[in-house]
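> I would like to see how this sequence folds:
(8 chains)
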Number of protein chains: 8
Amino acid sequence: MDKPLVGIVMGSDSDLPVMRGAADILDELGVPWEIIISSAHRAPEKTADYARRAAGRGLVAIIAGAGGAAHLAGVIAGHTALPVIGVPIASGALNGVDALYATVQMPSGIPVATVAINGAKNAGILAAQIVGTGSPEVREKIIAYKEKMARQVGEKSARLQE
Amino acid sequence: MDKPLVGIVMGSDSDLPVMRGAADILDELGVPWEIIISSAHRAPEKTADYARRAAGRGLVAIIAGAGGAAHLAGVIAGHTALPVIGVPIASGALNGVDALYATVQMPSGIPVATVAINGAKNAGILAAQIVGTGSPEVREKIIAYKEKMARQVGEKSARLQE
Amino acid sequence: MDKPLVGIVMGSDSDLPVMRGAADILDELGVPWEIIISSAHRAPEKTADYARRAAGRGLVAIIAGAGGAAHLAGVIAGHTALPVIGVPIASGALNGVDALYATVQMPSGIPVATVAINGAKNAGILAAQIVGTGSPEVREKIIAYKEKMARQVGEKSARLQE
Amino acid sequence: MDKPLVGIVMGSDSDLPVMRGAADILDELGVPWEIIISSAHRAPEKTADYARRAAGRGLVAIIAGAGGAAHLAGVIAGHTALPVIGVPIASGALNGVDALYATVQMPSGIPVATVAINGAKNAGILAAQIVGTGSPEVREKIIAYKEKMARQVGEKSARLQE
Amino acid sequence: MDKPLVGIVMGSDSDLPVMRGAADILDELGVPWEIIISSAHRAPEKTADYARRAAGRGLVAIIAGAGGAAHLAGVIAGHTALPVIGVPIASGALNGVDALYATVQMPSGIPVATVAINGAKNAGILAAQIVGTGSPEVREKIIAYKEKMARQVGEKSARLQE
Amino acid sequence: MDKPLVGIVMGSDSDLPVMRGAADILDELGVPWEIIISSAHRAPEKTADYARRAAGRGLVAIIAGAGGAAHLAGVIAGHTALPVIGVPIASGALNGVDALYATVQMPSGIPVATVAINGAKNAGILAAQIVGTGSPEVREKIIAYKEKMARQVGEKSARLQE
Amino acid sequence: MDKPLVGIVMGSDSDLPVMRGAADILDELGVPWEIIISSAHRAPEKTADYARRAAGRGLVAIIAGAGGAAHLAGVIAGHTALPVIGVPIASGALNGVDALYATVQMPSGIPVATVAINGAKNAGILAAQIVGTGSPEVREKIIAYKEKMARQVGEKSARLQE
Amino acid sequence: MDKPLVGIVMGSDSDLPVMRGAADILDELGVPWEIIISSAHRAPEKTADYARRAAGRGLVAIIAGAGGAAHLAGVIAGHTALPVIGVPIASGALNGVDALYATVQMPSGIPVATVAINGAKNAGILAAQIVGTGSPEVREKIIAYKEKMARQVGEKSARLQE
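Down below sits the predicted model:
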């Protein structure tokens, strides 16, 4: 397998069903990835260490998903100059609004590129788009993916008329 | 000055007008404190270091105030076994709801004792109550403070009748 | 059984499945507790009486959980100088946002240390942290608990790679 | 002055500019009132005592206004069988949503008749409507007041055409 | 059966499972009631007519429950000088927040006494409290009901200790 | 002046600064209008009467603006088969969210075509679009207006480059 | 079948169960319609093309339903002078609040006539009301439909008394 | 000037005071940019054309800022395979929550990398991080910028102790 270009981090193994969406689309778009569980609160050293070493290990972007007071993406962004993509995960009583606010409302100086609540698939596409800024091959796959989507809309609409 | 028992941490010097409320009431209740600026995102090492050394330095509780995606209290709580009190600070377009959710909705295992948005004074009282569990002198001052509040309500009500 | 150090109060027996989380973790951390049902509205005298006598009976902290217009923690805090921890409970149409606001937004002078919606386990840990400020034994257990959490994150992450 | 039929209670003298609206309309509708400052948290005994003695002193309804985690109306309702009207007051970062939820979302068994945020005038009218169920004179004044409102709408609309 | 003192109005027969709670508690408190379906939008004439004739028919209070853009209570309040109690009903995607705002945020001059979302039982108790301002018998039943609630809290708490 | 095709109704003269936006754009698009003040709650008969007679008087659409528990558009829609356009007006503590929910969340059977909070100008354009379905002249003016907007965007962008 | 007067567009075939409500009521009110799937994001050219050609093809109004960041109705409105009706669809963690805001809060110049979340039936009635401004036959059917609704309310209320 | 690598697009010239923050930080980080005004609704052709030609013209990322029903970033993302960064702008009654939801909650397949409300500066940093994945020079500047931030936090904290 190729050396991973995208790191996928999640706060808990209960986030795996959502975060797997990022890995699947990265596979489809031909971008190698790795996945780990870490936690901004329960394993802060491990998280900081992972973020600090990511660029040196050849990663191009990091995707981080967490629920509730979702600090994972922001904490990682504090420790790396790589683009960090945050996936707010719906869990508990506030159903992801807490995770969205805790991910997107980052202070000036430390951005997190936030996608929709549970939007791990889009996080994967965004990571691929970032990889694609330096890889014509990946960009071609993204363009083909977009064309496929447009075609599918047309086909579904046609089926509706039958 | 006595060795500080309570550490007050804030994410930015713009938070000082709010966070000073904690220091003032701690003075009134006879609890020595210290104050620093740190940031979960802009100065993550400093923040982790402060939290890890707090208990050893004799602190009994830490108060942390931040706005927006307020990760400061949670990150500190990840690095210490001391009780951590979070003050969500109103700033920006969401006016503190983001900071409230990012402070209070902590994952299982790592609590942050959250007070009202901009509630730094109450954070100070809460820290004093924690100190008071081991200090009859501080507890007496809290009791006297509560009696003064009740008296003031009565006086204000009486003045209204005039 | 040891004399309880933490009192757990809930507004209704329907809150028991959530609030049991506080008792369980207190057991794990070696802090004796007691549990009662009371209500700020349906049994106001009983509630006030419990709060007023808590310090004298040797309690070090009180955990109060309620849903809806959750006044229980605030009312107890009005009657005691002990630290009071509030657990907003999700119930009814607003799913705990009402309880969160009614618990955390306390007026100046009377703090309630609020944890996440349904966060009874964290309330228990926070109470143990308060007890731990005066008990090296309890603090050791909290430190061990935190180390166990970090270890478990590492183990889960390792399992993911298999 | 006639013996008061409606008690107006507020949590703080800073609520007076809003709560005065209740007193003014009660004057206009011919219903005698009294006004006090009390607090569910800072003066809990005084509040409970006032509520318990209200019916015996001849009051017919109580209006209670408070901001933030507004427990005042609910706590009063816990201590009396009289109808209690709650006025959520906008204050602080949440601008009254907290007070609204903390006032209206009362548990089963203890209602608070909630009006709009800062709606003290409507609280006064509602108290007068309750008094009016036993006083034809007051009801007549309410009917006249409603007719005046309808007339004023017509006059303003006519002025717009000029 | 006695002549009804309280009218219960609901916007749709789908609201019956909620609104029945008002009728049941009125029965328990000895207050005769009647129930109709009407709609501010689908049957506006019928609604206006019912409200205008309510006082003349001997009603003392009207309870109105509706969901979504819940105009029913407000429209009724526009046509009568009786106290009108609004029950916001949770339905559809906003789960009752829309009904709460549409019921409680009435303009100056036309109050609606709003209870919790789906709080029909409390609406019934509030109506009984209003009837009770003129009926010692009903007030006694309310006082007994409150004492029963306090007793039940004590019993449940005692059972918890076993 | 031509016979009005669009009726503009507002709940209070304080809404005039917002609602004037509808009249101004209707002038620009060549659609005659009339404006009145009425109120679903303070002048319910006048409101119902206006709505019932609107179609017979030659109106093609009605624009209704109100704040708070904004029932005006919905009540009018209950009394006419014409398209009714609702403008939620920001006022009071909830800043228009209440008016938006109370306007847009209409029950099945009685639509209100809702525009943005304070969006009176867009309400006017929408009314003109409805008139335009039967008037080529008005439709031409709308098309020209859209072209002008696109041109202005281009000019502003060009100015930015200078 | 008659040439369609109303175009129903939806962002995804998963929206069909909701959007079918528009088609059904248009059938009942005698207004011919057509339905297509398109997407502001996945098939932007198709969407723009459909909107630009709608008026020329004889459509009188367009209904567009989408969930999440629901841009469909707004994008269509950018490309046509016809009235565009937006149906926010509840989907995902925010349950339609996102779609409501993304549909209704359109900038000045480009209105979208927004109905309730999932309110496709009302979108159909609104489209029929627009068609009805030029068709006495359709308007008669709407009036009959409203009378039927009022009658049904009366019948349901009568059944309740049995 | 160097050929721009980042395109900054905003919906209206009133957004310029916010969006300038992106340009300023891009200057500081040595990334050439261009800025235009366009609108998803008022100038849809221009917007689509700009997006479709962006990659061919050598742009690496596009930043789009808009308020209200903020469709600009999403519409651009529909027309390009480049990474698109969305800045929700606070404007009008909902103060940016509408723009946040309309920007971040994109459907599966078309991500928008969303930053905080009014977070244009962070959008610029994120764009630089993306450019930096292919430019060691830019990445060095980002690392230096992060070090400067950490240093400034330390200096401010030191000043506080004086």
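> all contacts plus neighbour counts: C-alpha atoms, from now on.
Noted.
> low pLDDT regions in chain A?
A:1 (pLDDT under 70).
> now the strands: where do they sit in it?
Assigned by DSSP state E, chain A shows strands spanning A:6-10, A:33-37, A:61-67, A:84-89, A:113-114.
> Identify each buried residue in the longest helix seen in chain A, please.
As assigned by DSSP state H, the longest helix anywhere in chain A is helix A:136-161. Using 16 or more other CA atoms under 10 Å in any protein chain shown as the test for burial, helix A:136-161 gives A:138, A:139, A:141, A:142, A:145, A:146, A:149, A:150, A:153, A:154, A:157.
> which residue packs closest to the second one, ignoring adjacent ones?
Setting aside the residues directly before and after it, residue A:139 is nearest to residue A:132 in space (CA to CA, 6 or more residues apart in numbering or on different chains), at 4.6 Å.
> What of the third one?
Computed as CA to CA, 6+ apart, the closest residue to residue A:141 that is not its neighbour in sequence is residue A:29, at 5.7 Å.
> Quick check: residue A:132 vs residue F:97, distance?
Distance of residue A:132 to residue F:97, computed by CA to CA, to the nearest Å: 41 Å.
> no no, residue A:81
Taken as CA to CA, the span from residue A:81 to residue F:97 is 39 Å.
> And for residue A:108?
29 Å.
> Over to residue A:101?
In terms of CA to CA, residue A:101 sits 19 Å off from residue F:97.
> so the residue nearest to residue A:141 makes contact with residue A:140?
No - assessed by CA atoms under 8 Å, residue A:29 is found out of contact with residue A:140, at 9.1 Å.
> which residues touch residue A:88?
If a contact means CA atoms under 8 Å, 6 or more residues apart in numbering or on different chains, then residue A:88 has A:65-67, A:70, A:96, A:99-100, A:103, A:114-119 as its contacts.
> Turn those residues into JSON lines, including distance to residue H:91.
Shown next, in JSON lines, are the contacts of residue A:88 (distance: CA to CA, whole Å):
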{"residue": "A:65", "distance to residue H:91": "29"}
{"residue": "A:66", "distance to residue H:91": "29"}
{"residue": "A:67", "distance to residue H:91": "28"}
{"residue": "A:70", "distance to residue H:91": "26"}
{"residue": "A:96", "distance to residue H:91": "24"}
{"residue": "A:99", "distance to residue H:91": "23"}
{"residue": "A:100", "distance to residue H:91": "20"}
{"residue": "A:103", "distance to residue H:91": "21"}
{"residue": "A:114", "distance to residue H:91": "21"}
{"residue": "A:115", "distance to residue H:91": "22"}
{"residue": "A:116", "distance to residue H:91": "21"}
{"residue": "A:117", "distance to residue H:91": "23"}
{"residue": "A:118", "distance to residue H:91": "27"}
{"residue": "A:119", "distance to residue H:91": "26"}
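> which of the residues you listed lies closest to residue H:17?
Of all the contacts of residue A:88, residue H:17 sits closest to residue A:114, with 22.9 Å by CA to CA.
> Test my guess that that closest one contacts residue A:105.
No - using CA under 8 Å, residue A:114 makes no contact with residue A:105, being 9.3 Å away.
> Which one's more surrounded, the two?
Higher neighbour count among residue A:114 and residue A:105: residue A:114, with 35 against 28, using other CA atoms under 10 Å in any protein chain shown.
> Distance of the more buried one relative to residue A:123?
8 Å.
> Mind listing the shared neighbours of those two?
A:85, A:86, A:87.
> Please report which of these has the highest neighbour count.
Greatest neighbour count in these, by other CA under 10 Å, goes to residue A:86: 38 neighbours.
> that older thread, pull up the overlap in contacts between residue A:114 and residue A:105.
Each of residue H:115 lies in contact with both residue A:114 and residue A:105 under the rule CA under 8 Å, 6+ apart.
> Next one: whichever residue of chain A sits closest to chain F from residue A:21, what distance?
Residue of chain A nearest chain F, by CA to the nearest CA: residue A:97 (17.5 Å). Using CA to CA, we find residue A:97 at a distance of 20 Å from residue A:21.
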